[in-house]
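Visitor: Following is a predicted model, sequence given first.
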Amino acid sequence: MSVTVPQLLKMSQDELDALFTSSPAGDIPDGDCEGTIIVAPGTAIAPMKAKLMHLFGWQGKVFDAKEGRLVNKILPMGHHAIAAEVYKDKSWYDGKECIVLDYSKTSLVARYIRDELRLIAPRTYLGVMYLSKKKAIDFVLVFPT
């Protein structure tokens, strides 16, 4: 099944949660990907918020699967900053296997953040961001073909 970012932005929070729960962890990704934050899922403003966040805040991530690490691409120029450890573990959401992006030991700025990923389509991951163990937002990572 192929799911596009515009389709994900139209989904409700319940639909995103169901998709995350029903998807496998997949392999730890490798390389550069584009990211999209999903704020106010399923609403008319979700695409605009995603575009603004992409332009001025966060563009995606660069994974090094072999080393089990990543850096985020942030700010308008896509600077590489805010590193995380990457590994598989149980999800805080449903206890099933997921890919964990753990900032607790790598970043003072983001040490209270944990992201979890699941593979929802070829080269496409749905992510959940936690802030101090509280589910905060969803996001999508798309790797080029």
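Guide: Done, it's in. Predicted, not measured: the structure shown is a model, and the values here were computed from it. Numbers count the residues shown, from 1 in each chain.

Visitor: now the strands for this structure?
Guide: In the chain, the strands defined using DSSP state E lie at 31-38, 58-64, 69-74, 79-90, 97-102, 113-121, 124-131, 134-142.

Visitor: Any chance of a markdown table for those, columns mean pLDDT, distance to residue 12 and mean neighbour count?
Guide: Heads up, the C-betas are built off the backbone N, CA and C, glycines and all. Output for these, formatted as a markdown table (pLDDT from 0 to 100; distance: least, C-beta to C-beta, whole Å; neighbours: other C-beta atoms under 10 Å):
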| stretch | mean pLDDT | distance to residue 12 | mean neighbour count |
| --- | --- | --- | --- |
| strand 31-38 | 97 | 11 | 19 |
| strand 58-64 | 97 | 23 | 20 |
| strand 69-74 | 96 | 27 | 20 |
| strand 79-90 | 96 | 25 | 16 |
| strand 97-102 | 98 | 21 | 22 |
| strand 113-121 | 97 | 15 | 22 |
| strand 124-131 | 97 | 14 | 20 |
| strand 134-142 | 96 | 11 | 17 |
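
Visitor: how about those, which one is nearest residue 3?
Guide: The closest of these to residue 3 is strand 113-121. By C-beta to C-beta, the value is 4.7 Å.

Visitor: what's in contact with that closest one?
Guide: Contacts of strand 113-121 with the rest of the structure, by C-beta atoms under 8 Å, 6 or more residues apart in numbering, involve 1-3, 19-20, 23-27, 29, 84, 91-93, 98-104, 107, 125-131, 133, 139, 141.

Visitor: And the pLDDT for the residue sitting furthest away from the middle of the chain?
Guide: Distance from the C-alpha centroid of the chain peaks at residue 44, with 21.2 Å (C-alpha atoms, centre = their mean). Residue 44 is assigned a predicted lDDT (pLDDT) of 94.
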